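quick one, structure for this:
(4 chains)
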Amino acid sequence: MNYVIAEDAAATEAVILDHGTGARLSRELVEMIAAELGPIYIGEMEDSAILSLSGERLAITTDSFVVQPAFFGNGDIGKIAVCGTVNDIAVSGAIPRYLTLGLILEAGFPMPSLRRVIRSIRAAAEEAGVKIVAGDTKVVGKGAADQIFINTTGIGEFRRPPLRMKDVRPGDQIILSGQIGNHAIHLLSIREGLGFEQRVASDCAPLNGLVDTALASVPQGMIRSIRDVTRGGLCAVMHEYARATNCPMEVRRSDVPVMWETTMGADMLGLDVIHLANEGCAALFVDPDHAQAVLAALHLHPYGKDAAIIGSVGQPGSEGFHLTQKDGSVVEVEELLGAEIPRLC
Amino acid sequence: MNYVIAEDAAATEAVILDHGTGARLSRELVEMIAAELGPIYIGEMEDSAILSLSGERLAITTDSFVVQPAFFGNGDIGKIAVCGTVNDIAVSGAIPRYLTLGLILEAGFPMPSLRRVIRSIRAAAEEAGVKIVAGDTKVVGKGAADQIFINTTGIGEFRRPPLRMKDVRPGDQIILSGQIGNHAIHLLSIREGLGFEQRVASDCAPLNGLVDTALASVPQGMIRSIRDVTRGGLCAVMHEYARATNCPMEVRRSDVPVMWETTMGADMLGLDVIHLANEGCAALFVDPDHAQAVLAALHLHPYGKDAAIIGSVGQPGSEGFHLTQKDGSVVEVEELLGAEIPRLC
Amino acid sequence: MDEDKIKVARKMAFITTDLQQDLIEKSPERIQRVAEMLPSVVRFLHQLRERAIPIIHQQLVYRETDHVEFFNGRIPCLEGTKGVEFIPEIEADKDIIMKKRKDSGFYETNLDETLKGLGCDTILLGGMQAQICIQTTGADGYFRGYNVIAVEDCITSTREEDKRRALDWISGYCGRVLSSTDIIAAYDAHTPIEFPVIYTP
Amino acid sequence: MDEDKIKVARKMAFITTDLQQDLIEKSPERIQRVAEMLPSVVRFLHQLRERAIPIIHQQLVYRETDHVEFFNGRIPCLEGTKGVEFIPEIEADKDIIMKKRKDSGFYETNLDETLKGLGCDTILLGGMQAQICIQTTGADGYFRGYNVIAVEDCITSTREEDKRRALDWISGYCGRVLSSTDIIAAYDAHTPIEFPVIYTP
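Predicted coordinates for the structure are as follows:
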């Protein structure tokens, strides 16, 4: 009997870094896991699962955070761990209410750093109006984890109908709530010391207030669906909706809000901002007659001041993500296979 | 500006391995985190938090699993991740209903191993009758995690009153649902190649069925409280109840169910079985007039066939864990500061 | 003693554990302790060979990738190095050599199969350290139905108290503790060595 | 050109990047590329020293504990090793030497303070690699309000296309690309070097 499967199976297919990027390989991994779980897996591949528990509908989501670097210019892994899960709940249309908090700490992680993370968690949870209802802390040996990993699981309640991808219709306008790419450029810049970290801050923020503002601005049903734009960036979200609706997502690059320095940094690294990760940006799919009203409401919210209508949902029959470039040409943007790795020395 | 706090603070207090053992240092760490979280932390330091969500009461708990070795003789980290959380929910008196599943995978973790873990999760969830409602998978670089870490968060619903530590009374009988120490001796034995792994299997099992059986056997309120005996072992649980009730826990060592080979292995390693971790054993605190009925019910359940009454709750006024040894002497067993490290070569 | 409560050693094998360069040279104490024991071991090996009693030398072998305690700043008993070799005095190459990767001599080795092939029902244990490798090989052998004898004068530990405690543990749980002289004397006189049959409670 | 849309270089400093043993010896291509550029760099350094224009050599220094790409099986530019040293041709010890630990020369260094202390408003960039350290030091300097000049014949990359792309990026976003000859000629003739003032959209 051999307990060390890893050794025997070393020559076979293995999990690789690209399985964790939010692009196609990630999806395939998730699909494999869902298939293996079979009938006990009742999630719908949405970010939040909707539960009927004694007649009450709840939203629940879980996320693990392995941010590197764990501390950055205007936040840290703790803030991200709260915002990420709050945002997942909020975009489902539910009100985020409770979080659980699972910490995995590497032996040697300094106590002051831990305190700083916990304080960030507190501050972000206070801003988002959520309570942490259960926690767990594990410590692993030096080298067995990378400083700190955080899992948060969120529970929200529905006081309005859930928002679902399948309600998105041809002609719906696509609104981005803010500039994209800043989080990724900020973190890459710190990791490599590129200089952009001084100009480009992470967008990490809880978006439930912004979502509430948007939903309150128009009649029920006029905002069809909302998705937070995280790993995999705008491109991954567009492909996700294209697949779910069997309609192409048609976006104008010139209307996508991006900081000039972010474009500059991405260009230097050979990256396209549409693939970059964000932590405080949502895509909203809105009835065309109500898009301006939603946009106006978003502009009044601090996290929505750069919101813009970036395109619309095309006619059914062909999937894909169609990007109108600045020169007027239309390109079909493929989903990335894995992470887009920056060109470095 | 320096983003790398770890380096600056290297000389200050750090998280150490002992912070993760379930003994005193763990508790202090948890208390520090709860204090830092302040008013947003509304858990009660019970394994499951009880939520009032639109009038419905739910139990919720979260746990991360960093088991080493990840695969063992009669189970793996996947089985433990389900059972651990199901058991936390079950001992609160709630019916476990839903789990979330967060995976952190080290790059290079073999796909067949992952499948094996997922299958174990499925099997354990099927046995326990729980559904997995949301999932998340992260991949980290080689060396940034130890093969696989799993977080499960569980949600249960109360169809009977919650069980609480504070309801335990002097004179209540303490029942152990099964033999202790087997899980720890099995894993230590595999890790070191000690030979005991062939004779001593892990006790890892979902206990919600057993808890249901016990609760159904006597009138409501006669089982005051139940706790799963995990990290920190029987000793940690006894101290937890002693602190919560301000009563001593009085246990007879000769009545504690332990496999002969487990005692033998623990003795070789210089460990005391009362400190060893378990994954399928619960301590029940029962009204003295109903203890025999509960015991009889437990004996009919496959996971309760070795159940035994091991002692009782003493009179209030002095806390502590009093153990009557086989020679009749009574010793006051202190809580461990950290992990009890086996003596090895 | 009740007949069905005792069993008798029929065919023996001697198993030495970890008598390798790196493991002995870890510390001055170990070198000293092994030096004290070595004459007994060498004499016993000689007596056993004369009587065609099988001898198996357990050899701990680690790889570069193993996560093990470093000895003097490096992985001990590394495959292909000098340190993994047996000390010359035991003349290991006259006997059966068996690699192992963990404490118990039975753990993922073919020791059990080898002993069965030799028809042995009794294992004599020697070498070091008493409190882990000897003890655990003893327990593991006992679980597999072997009679276990710790050869008192052919076993050592860095500290005498660890050896004492280990031998007490073996005699208390799973076997007997005898000197090499007693074993040879019993063998030559055809005196059966008896073991209590322990019923697991 | 509109007056308020241009600014003029007043005081310059030349910053070389990563002209160190380990970084150059990483590959035969790099050795070759640096050898091709070196005469220009040496001549330019000489001309600058004659004119008392400040020169700052950026030195990448890693520690044993850094998680960085291994060069030829080890951490390059390790503190205290030969590989961290500058190539002798640039005679670095005649000038200011400044350690850095990441790509941008401004990142957690006192480059900004040093330039301000010298009264410089314009940075001339040389060394390697164009597409990371030069580019990022240029962007970072630009963000801090410096005029940025990439000295075309004193910059290199392992691959010519990487250098080309980097210089295009600098001229497109944050600075100018000039030859060392043009810079010295303009300096000697008191011809102002002009920069467009770029308004961030």
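
use CA for all of it now, contacts and neighbours both
Will do.

tally of neighbours for the residue in chain A positioned nearest to chain D?
Residue of chain A nearest chain D, by CA to the nearest CA: residue A:195 (4.6 Å). Neighbourhood size, residue A:195 [other CA atoms under 10 Å in any protein chain shown]: 29.

tell me, what's the model's pLDDT at it?
Model confidence at residue A:195, expressed as pLDDT, equals 83.

same question for residue C:143.
pLDDT, residue C:143: 89.

mind listing what it touches?
Applying CA atoms under 8 Å, 6 or more residues apart in numbering or on different chains to residue C:143 gives the contacts residue B:199.

which residue is the nearest non-sequential neighbour of the residue of chain A closest to chain D?
Nearest residue to residue A:195 in three dimensions, chain neighbours excluded: residue D:140, at 4.6 Å (CA to CA, 6 or more residues apart in numbering or on different chains).

residues touching the one you found, list them.
With CA under 8 Å, 6+ apart as the criterion, the residues that contact residue D:140 are A:194-196, D:104, D:106.

ok, back up a step: quick one, what contacts the residue of chain A closest to chain D?
Residues near residue A:195 by CA under 8 Å, 6+ apart: A:189, D:104, D:106-107, D:136-137, D:139-140.

do a quick rundown of the strands in the stretch 101-250 of chain A.
Counting by DSSP state E, counting those that start in this stretch, the stretch 101-250 of chain A has strands at residues A:131-140, A:148-157, A:173-176, A:223-228, A:249-252.

what about the first one, near chain C?
This means strand A:131-140. No. Using CA under 8 Å from any CA of the partner chain, strand A:131-140 never reaches chain C; the gap is at least 14.8 Å.

the inter-axis angle of that strand versus strand B:148-157?
150 degrees (axes from the mean of the first three to the mean of the last three CA atoms, to 10 degrees).

for strand A:131-140, packing partners?
The contact analysis (3 or more CA pairs under 8 Å, 6 or more residues apart in numbering or on different chains; DSSP states H and E) places strand A:131-140 against strand A:95-106, strand B:56-65.

now these as CSV including mean neighbour count and mean pLDDT?
Output for the helices and strands packed on strand A:131-140, formatted as CSV (neighbours: other CA atoms under 10 Å in any protein chain shown; pLDDT from 0 to 100):
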stretch, mean neighbour count, mean pLDDT
strand A:95-106, 25, 90
strand B:56-65, 25, 86
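
let's have these in TSV, adding distance to chain D.
Output for these, formatted as TSV (distance: least, CA to the nearest CA, whole Å):
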stretch	distance to chain D
strand A:95-106	16
strand B:56-65	27
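
out of these, nearest to chain C?
Among the helices and strands packed on strand A:131-140, strand A:95-106 comes nearest to chain C, with 17.2 Å by CA to the nearest CA.

just checking: what are the partner strands of that closest one?
Strand pairing for strand A:95-106, determined by DSSP bridges: strand A:131-140 (parallel), strand A:148-157 (antiparallel).

which stretch among the ones you listed comes nearest residue B:240?
Residue B:240 lies closest, by CA to CA, to one member of the strands paired with strand A:95-106: strand A:131-140, at 16.5 Å.

next, the buried residues of the longest helix seen in chain C.
Using DSSP state H, we find that the single longest helix of chain C is helix C:28-50. Residues C:30, C:33-34, C:37-38, C:40-41, C:44-45, C:48 are the ones in helix C:28-50 that count as buried (16 or more other CA atoms under 10 Å in any protein chain shown).

check stretch A:113-130 too.
Within stretch A:113-130, the residues that count as buried by 16+ other CA under 10 Å are A:113-114, A:116-125, A:128-130.

about what we covered before: so which strand or helix has the residue nearest to residue A:195?
For residue D:140, the element it lies in under DSSP states H and E is helix D:135-143.

any idea which helix or strand comes after that helix?
strand D:147-155.

chain C against chain B: which residues are in contact?
C:102-104, C:106-107, C:129, C:131-133, C:135-137, C:139-140, C:143, C:166, C:169, C:173, C:200-201.

now the buried members of the residues you listed.
The neighbour count (16+ other CA under 10 Å) marks C:102-104, C:106-107, C:129, C:131-133, C:135-137, C:139-140, C:143, C:166, C:169, C:173 as buried among the residues of chain C next to chain B.

quick one: the residue nearest to residue A:195 and residue A:192, what's the gap?
Residue D:140 sits 13 Å away from residue A:192, going by CA to CA, to the nearest Å.

now do residue C:24
Distance of residue C:24 to residue A:192, given as CA to CA: 48 Å.

same for the longest helix anywhere in chain A, what does it pack against?
Of all the elements of type helix in chain A, the one with the most residues (DSSP H) is helix A:111-128. For helix A:111-128, the packing partners by 3+ CA pairs under 8 Å, 6+ apart come out as strand A:75-76, helix A:77-90, helix B:24-37.

gap between residue C:147 and residue A:107?
Using CA to CA, we find residue C:147 at a distance of 44 Å from residue A:107.

that should have said residue A:97, apologies.
Counting by CA to CA, the gap from residue A:97 to residue A:107 is 32 Å.

show me what contacts residue C:154?
C:37-38, C:40-41, C:125-127, C:179-180.

identify, from these, the entry nearest to residue C:64.
Using CA to CA, the contacts of residue C:154 come closest to residue C:64 at residue C:127, 24.9 Å.

what's opposite the closest one in the beta bridge?
Residues in beta-bridge contact with residue C:127 (DSSP bridges): residue C:17, residue C:155.

show me the contacts for it.
Listed by CA under 8 Å, 6+ apart, the contact set of residue C:127 reads C:16-19, C:134, C:154-156.

most neighbours among those residues, which one?
Highest neighbour count within the contacts of residue C:127, by other CA under 10 Å: residue C:134, with 30 neighbours.

per-residue confidence for that one?
Per-residue pLDDT puts residue C:134 at 93.

the helix or strand harbouring residue A:292 - contacts with which helices or strands?
Here residue A:292, judged by DSSP H and E, is contained in helix A:291-299. Applying 3+ CA pairs under 8 Å, 6+ apart, we find helix A:291-299 packed against strand A:173-176, helix A:208-217, strand A:308-313.

which outside residues touch that helix?
Applying CA under 8 Å, 6+ apart, the contact partners of helix A:291-299 are A:173, A:175, A:177, A:210, A:213-215, A:217-218, A:286, A:304-309.

next one: stretch C:79-95
Residues from elsewhere that reach stretch C:79-95 (CA under 8 Å, 6+ apart): C:18-23, C:41-42, C:45, C:54-57, C:59-63, C:76-78.
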